[in-house]
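Novice: pasting a predicted model and its sequence here:
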Amino acid sequence: MSTASPVIERGTAASRTAGIGVLSIILLLSIAPQFLSAGAVDRMTALFIYVILAAMWNALAGFGGLVSVGQQVFFGLGAYFAIRLANAGLNPFVSLFVSAVIVGAVSWPISLFMLRLRNGEFAIGMWVIAALTHLLVNLDRLIQGETGTSLISLNVYDASTRRLTIYWLALASMTALLAILFGLLRGSTGAAIRAIRDNEDAAASVGVRVTGTKRLLFMLAAFGIGVAGALWLATAITFQPKTYFNVQWTAYMIFMVLVGGIGTFEGAILGALLFFLIETWFGGTGVWYLIGLGATALVFSLLLPRGLWGTLEERFGWRLLSVGYRVRLPAGVADPTGETISPAPTAPHREKA
Amino acid sequence: MMNQIVQGVLLGGYYALIACGLSFMFSVMRIINLAHGSLAVLSAFALWLLASRFHISPFLGLLVVLPLMAAIGWALQRFLLERSARGGALLPILTTFGLAIVIDNVLFEQFGADTRSLAPFIGSLSYASWEWPGSLYVGKLAVIIFITAVVLLGGLQLFLTRTGLGRSIRATSEDPDTAGIVGVDARRSMAIAAAIAMVTVGLAGAFLGMRATFDPYAGATQLLFAFEAAVIGGAGSLWGTLIGGIVLALAQTLGARIHPQGFLIGGHVAFLIVLFIRLYTSGLGLHGLLRLSTRKAS
């Protein structure tokens, strides 16, 4: 090996520091309820759920190239199965996770249909699935149509135990899901996913298992959003099908990911944080808030399709939670164009979405 | 039973009408416009505004609203779709979805949550009917909608195959670069196509308002109906859309017979069944079938 050979980097000094930063943040968050008011604990729980939603939608659309406007189906089903399981006598907190597992399982037959569709057809096809599921859930006697029902079995716990348990469950779910996603994207599956996103036919021709990989991503996203729906039910207690199967949930996911940066791991988290702040400040303005969200998503998709993080990353070569590879030539070595290569951004996950 | 089939077929005319703009845009621009339903509702509100404030009959109002819709289509293509389509196939989905949210909520901000209808402004047409042999009563409005759908679909088909402009639109949709070489102004062709599509959306919105009620958030349902009719119909030509609309309407009618809430479920299930059959027989989705149809037409 000559010293002039290029170096393949998996991370940067910044990304290693970021790794330590992430661990300390999670540690800090896990003891945070000690210092926070009850209201703040609830808000933080909502933030964790938003991060899950954004990360899962981003996994599907940003990395898998599968834009769905029907992801609310898994959100609603996560809540619905939790209600059903708790009603059958299962411990309510256990029900939340068993419910998400069922959602993941249900997503398998759905994927058989839907993954055959492409682009816009997939997007609206999922919406049809969500509408149909909503109607079917309404038929359940327990749910009583749009009247809905409540997760009454949570009442055996007192308010503060309930609040703290849900907080930690949400934090743990978020951490676990992000870790799974990170591991998946960093591994060989991640390479396969990016190959499929960039060119499905070419990926298939070099031996990438296109359908299997997409299905894995689809089911992971369904499971994650199912977790989010079940957790949301635990915080809200009441289940009204109209609220949970509302396309607004998908609108939120799209907003978070588009603004944060589609197809970047950090972007989805940043987007969720921004959405959380915007909601906290402007959520009370009702309709104007929604108009603002729609318009912002529109403007970002037209003017800044890579989102905030994607743009910053491209400009400054930032890489905190690196899921890609990048090639760096040793200092002083001329590249074919005759310029000296500095640690310039190579944008390993160039966005095609 | 016979009565329900007739009513179902006529309702299918409305679905074909609302689906026609969606499948036209898809076959020409390869864009599925998620704001389709919201734009139809926008047109219904515009007609309602003209009728309730200025006492302009919805039919006369179309003279104002349809050109307006054409202008919206032109602008939509020039400022949103053209730009976002450059970013790949996924970006237009996000752009039009954002647009739908904006339209729905602006309408809500302006008009509130009340449901409206254009029926009070069209006199007896909203309830008048003809008696057909076998004591069948068919609504005059339903027949008018059906005939409009047939004329519109046929007209579009003729326009695409027989006129120079139609041919240049088809050429652009097949291969914009090559079309440009032979002197077709691709940007202009696409903008005209979008304007035409929006005119059909405007008409669909008018009939939506006349035959039923609508509210600011009704767009999503209309989009799903349009999409289902287009996918179910897929086969062949724009005529497939008519068949798709009729099948959708019949499935809904059948669903409603089976269960009080079965109307929508019937339609969705029909959509999934058709999808299932199609995916496991020819492997052609909406995309492949529409491409086939433009080939056949050329």
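Specialist: Yep, it's here.
Novice: for B:W130, grab the count of nearby residues.
Specialist: B:W130: 10 surrounding residues under other CB atoms under 10 Å in any protein chain shown. For every residue, glycine as well, the C-beta is placed using N, CA and C.
Novice: to clarify, my last question referred to B:Y137.
Specialist: Counted with other CB under 10 Å, B:Y137 comes out at 12.
Novice: tell me the mean pLDDT for the helix or strand hosting it?
Specialist: According to DSSP states H and E, B:Y137 maps onto strand B:136-139. Strand B:136-139 comes out with an average pLDDT of 85.
Novice: send me it as CSV with only the CA atoms.
Specialist: The C-alpha atoms that make up strand B:136-139 are tabulated as CSV, following Å, rounded to 0.1, in the frame of the first residue of the first chain:
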residue,chain,number,x,y,z
LEU,B,136,-87.1,3.4,-13.9
TYR,B,137,-86.5,7.0,-12.8
VAL,B,138,-83.2,8.5,-13.9
GLY,B,139,-82.1,11.9,-12.8
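Novice: show me what that strand is packed against.
Specialist: The contact analysis (3 or more CB pairs under 8 Å, 6 or more residues apart in numbering or on different chains; DSSP states H and E) places strand B:136-139 against helix B:2-29, strand B:129-132.
Novice: turn the ones you listed into JSON lines, including distance to B:A197 and mean pLDDT.
Specialist: Converted to JSON lines, those look like this (distance: least, CB to CB, whole Å; pLDDT from 0 to 100):
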{"stretch": "helix B:2-29", "distance to B:A197": "4", "mean pLDDT": "90"}
{"stretch": "strand B:129-132", "distance to B:A197": "32", "mean pLDDT": "82"}
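Novice: quick check, stretch B:94-104 touching chain A?
Specialist: Yes: using CB under 8 Å from any CB of the partner chain, stretch B:94-104 comes into contact with chain A via B:94-95, B:97-102.
Novice: how about the residues of the stretch 251-353 of chain A by chain B?
Specialist: So the stretch 251-353 of chain A meets chain B at A:251, A:254, A:258, A:287-288, A:290-291, A:293-298, A:301-302, A:305, A:352-353 (CB under 8 Å from any CB).
Novice: circling back: got the helices and strands packed on strand B:136-139 as JSON lines, with distance to chain A columns?
Specialist: Listed next are the helices and strands packed on strand B:136-139 as JSON lines, based on distance: least, CB to the nearest CB, whole Å:
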{"stretch": "helix B:2-29", "distance to chain A": "7"}
{"stretch": "strand B:129-132", "distance to chain A": "30"}
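Novice: from those, which stretch is densest packed?
Specialist: Comparing the helices and strands packed on strand B:136-139 by mean neighbour count (mean count of other CB atoms under 10 Å in any protein chain shown), helix B:2-29 ranks first with a mean of 24.
Novice: for that one, packing partners?
Specialist: Partner elements for helix B:2-29 (3+ CB pairs under 8 Å, 6+ apart): helix B:36-54, strand B:136-139, helix B:140-162, helix B:164-174, helix B:186-211, helix B:219-233, helix B:238-258, helix B:286-297.
Novice: give the contact list for B:R211.
Specialist: B:R211 makes contact with B:14, B:119, B:126, B:141-142, B:145, according to CB atoms under 8 Å, 6 or more residues apart in numbering or on different chains.
Novice: for the residues you listed, which one is nearest chain A?
Specialist: Nearest to chain A out of the contacts of B:R211 is B:Y14 (CB to the nearest CB; 18.5 Å).
Novice: for the closest one, which non-adjacent residue is spatially closest?
Specialist: With CB to CB, 6 or more residues apart in numbering or on different chains as the criterion, B:Y14 has its nearest non-adjacent residue at 5.1 Å, and that residue is B:I145.
Novice: residue ranges of the helices in chain A, please?
Specialist: Assigned by DSSP state H, the helices in chain A fall at A:13-31, A:38-58, A:72-87, A:92-114, A:119-139, A:159-186, A:188-198, A:200-205, A:210-236, A:241-244, A:248-260, A:265-282, A:287-303, A:307-316.
Novice: so A:E146 is in contact with A:F239, correct?
Specialist: No: A:E146 is beyond contact range of A:F239, at 10.8 Å (criterion: CB atoms under 8 Å).
Novice: ok so, going back, turn the helices of chain A into TSV, columns for mean pLDDT.
Specialist: Shown next, in TSV, are those (pLDDT from 0 to 100):
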stretch	mean pLDDT
helix A:13-31	84
helix A:38-58	95
helix A:72-87	95
helix A:92-114	93
helix A:119-139	92
helix A:159-186	92
helix A:188-198	82
helix A:200-205	82
helix A:210-236	93
helix A:241-244	93
helix A:248-260	94
helix A:265-282	92
helix A:287-303	91
helix A:307-316	83
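Novice: would you list the ones you listed in CSV and tack on distance to B:F59?
Specialist: Output for these, formatted as CSV (distance: least, CB to CB, whole Å):
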stretch, distance to B:F59
helix A:13-31, 62
helix A:38-58, 44
helix A:72-87, 39
helix A:92-114, 41
helix A:119-139, 31
helix A:159-186, 55
helix A:188-198, 49
helix A:200-205, 48
helix A:210-236, 46
helix A:241-244, 36
helix A:248-260, 36
helix A:265-282, 42
helix A:287-303, 32
helix A:307-316, 46
